[in-house]
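# Got a sequence here, can you model it:
(2 chains)
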Amino acid sequence: MSIRLVRAEVLKLSTRRGLIVASLLLTVVATVAIELILVLLHATNPAKHRIVGGINHFNDGLYSLTQLATIAAVLVGATAGAGDLAAGFFRSLVVTGRPRASLFGARIPGGLLVVLPLTAAAYVVLALFSFVVPGGAATPSTTLLVEAGLWFELYIAVMFLLALGLASLLGSRATQIGILAGLQLLVTPLVQGLHSPGVGAESVLGLALWRLAPKEILGGAPPGHLGESLVAAFVVIGAWMALALGLGAWRTVTRDA
Amino acid sequence: MTDVVETAGLTKRFGESTVVSGVDLRVPRGTAFGYLGPNGAGKTTLIRMLLGLIRPSGGTMRLLGRPVPAQRREALARVGAIVDEPRFHGHMTGRQNLWALAAAREPETHDRVDGALERVGLLARADDRVSKYSLGMRQRLGIAACLLADPELLILDEPMNGLDPAGMLEVRELIRSLVDEGRTVVLSSHLLDEVERTCDAIAIVDRGRVVLQGRLDDLRNGSTAVLRVDCSEPARAAVLLRLRADVARVREEEDQLVLELTAGDPRAESAAIAHVVLDAGFELYRLQLDHDSLEERFLELTTRLGAAA
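Residues are numbered from 1 along each chain as shown, chains lettered A, B, ... in the order given. Below is the predicted model:
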């Protein structure tokens, strides 16, 4: 893996103002805005809005943040996967003689280096606000904050990789974002209905990811879950990653440039 | 002199259509080589195969003496290329785009970025976003990208497209300066005039086949001498001149006679023909000796354009 190629990927993504602004809005800005509104509501009517912080608030906030940050991860993943192709830059990269698999491989750490700090910052904001006005409720322990933070970043990384693989396969940001949005908005509710009440808010991949979440935060998760084993969850996640990244890498290597 | 590009029987088919058909190409080192053909002749497809952008259907290729695709990476390390119009990330500056390309090459490439920008006259605009560049500036940025490799071979696909006359002159001079440094430049173009002005050797391609290749001087020397005779009573003069052994063909064009001369000394033959015309009592208004231009040979050889002409 060439560090210079990874830095080039970071450069390509981080200089896209629209992408960075949208990702910030979906993560840090959205979290700050929601928490500030809750604090203001508490300040104006403490009797009605008694608690801002505490573990339940943290759990609910983490679920919302996961949904929003997933969209940011999809945007960054789609851009990392299809940006060179859309700009006509992929051809220039191939002409350097650098193996295409290496070009594909650099997109993974490059994109993660862009999306994970953004989502981590939003998570830190959420964690801090869980201590603001707990109103007598228990606050998240340090262990829970670390475990939940690692799980959250894993969730985002998986969603980023899924988007990256699909975008590299399809060569189109718009198509790929449409497919994932369709999964999120149409397929998921359908699956939820089929398995009601024991299904998470997303696809099977989402369920497997929620299975890995610390037990303390499952209260903030979608109602119910399939109760699959940890092994099954890892297998599901691994299969999705292998499929998406494998197809993305294959298409990058074989695509006519 | 070694050949930097060698192909044998190179073929590319897309379904039923054969776009490149059995091309045997040899590009001598240290020359500006024109790959000349009408639009749709298969020029870009051949370049894309050479660079490993698409897979050939048949035949073999060598770049800088290395077989490709077997040693593609080693071969392309010293090759710079523009295929179609050069395209970059519009949201990044010219310098950032070159950094991103340099990252895909060996480490020292990064240090060549500013030098390449300066050489193509873009250093002052290097920190502007590429989306604000004109087409001519993007062409120059494309050439700068080629220079990052410190290339022995540059392959430029229609580099004059979209350039104004001043821009074309700049690119032409840049190509010549690169050749003067001992580099080889393969210039794909449908612009005959540009190829004649820029190149030392050419291959003419039509419908996927190379129909002629060689050094320009040799091709010009092998061309037919044409004598244009503007005289009184051209139809009667034509009858007289058709009898001469040193005249291969006579045709009338706009009240002039156009004579194709047989191999020999065209100047001496022209003088002799002038005497014959005057001695026969015709008025001689003008006599002009030409050679078939490369354009005429191009039109003659490329069947599609020939049929359209």
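# Strands along the chain, start to end?
Picked chain A for this. In chain A, no segments count as strands under DSSP state E.
# think we crossed wires, I meant chain B
B:3-14, B:17-28, B:32-36, B:58-63, B:66-68, B:79-82, B:153-157, B:184-189, B:201-206, B:209-215, B:225-231, B:247-253, B:256-261, B:284-291.
# Can I get the fourth one in CSV? Just the C-alpha atoms.
This points to strand B:58-63. Below are the C-alpha coordinates for strand B:58-63, written out as CSV (Å, rounded to 0.1, in the frame of the first residue of the first chain):
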residue,chain,number,x,y,z
GLY,B,58,-4.9,-10.1,-31.1
GLY,B,59,-1.3,-9.2,-32.0
THR,B,60,1.7,-8.2,-29.9
MET,B,61,3.1,-4.8,-28.7
ARG,B,62,6.4,-3.5,-27.3
LEU,B,63,6.9,-0.2,-25.6
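# Could you give the average pLDDT over that strand?
The pLDDT scores in strand B:58-63 average 94.
# Relative to that strand, what are the paired strands and their orientations?
Under the criterion DSSP bridges, strand B:58-63 sits next to strand B:3-14 (antiparallel), strand B:66-68 (antiparallel) in its sheet.
# what is the mean pLDDT for the last one?
Regarding strand B:66-68, the rounded mean pLDDT is 92.
# Off-centre distance for that strand?
24 Å (CA atoms, centre = their mean, to the nearest Å).
# buried set for that strand?
Neighbour counts over strand B:66-68 (16 or more other CB atoms under 10 Å in any protein chain shown) mark B:66, B:68 as buried. Just so you know, the C-beta spots here come from the backbone N, C-alpha and C atoms, and that holds for glycine as well.
# How about residues contacting it?
The contact list for strand B:66-68, computed with CB atoms under 8 Å, 6 or more residues apart in numbering or on different chains, reads B:50, B:52, B:60-62, B:74-76.
# could you redo the last one with a cut-off of 6 Å?
With CB atoms under 6 Å, 6 or more residues apart in numbering or on different chains as the test, strand B:66-68 has contacts from B:61, B:74-75.
# Please apply the same query to stretch B:267-286.
Residues contacting stretch B:267-286 (CB under 6 Å, 6+ apart): B:227, B:230-233, B:237, B:240, B:246, B:261, B:287, B:289.
# Then stretch A:120-132?
A:27-28, A:31-32, A:35, A:52-53, A:57-58, A:61, A:65, A:139-140, A:145, A:149, A:152.
# Figure out how far it is from the centre of its chain.
Per CA atoms, centre = their mean, the centroid offset for stretch A:120-132 relative to its chain is 17 Å.
# Of all the helix elements in chain B, which one is longest?
Longest helix of chain B, by residue count under DSSP state H: helix B:165-180.
# buried sites along that one?
B:167-168, B:170-172, B:174-176, B:178-179.
# next one: stretch A:122-137
Per 16+ other CB under 10 Å, stretch A:122-137 contains these buried residues: A:122-123, A:125-127, A:129-130, A:132-134, A:137.
# Could you do stretch B:220-231 as well?
Here stretch B:220-231 shows B:224-227, B:229, B:231 as buried, counting by 16+ other CB under 10 Å.
# Same question for stretch B:266-275.
B:266, B:269-270, B:273.
# can you put those residues in JSON lines and add pLDDT?
Formatted as JSON lines, these follow (pLDDT from 0 to 100):
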{"residue": "B:266", "pLDDT": "82"}
{"residue": "B:269", "pLDDT": "88"}
{"residue": "B:270", "pLDDT": "90"}
{"residue": "B:273", "pLDDT": "92"}
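# quick one: which of those is nearest to chain A?
residue B:266 (46.2 Å; CB to the nearest CB).
# give me every residue that touches the closest one.
For residue B:266, the contacting residues are B:225, B:289, by CB under 6 Å, 6+ apart.
# Least confident secondary structure element in chain A?
In chain A, no helix or strand scores lower on mean pLDDT, DSSP states H and E than helix A:188-195, which sits at a mean of 54.
# low-confidence ranges in chain A?
A:1, A:134-135, A:176, A:181-203, A:219-227 (pLDDT under 70).
# List, one by one, the residues from it near chain B.
By CB under 6 Å from any CB of the partner chain, the residues of chain A that approach chain B are A:4-5, A:8, A:15-16, A:87-89, A:91-98, A:256-257.
# of the residues you listed, buried ones?
A:4-5, A:8, A:15-16, A:87-89, A:91-98, A:257.
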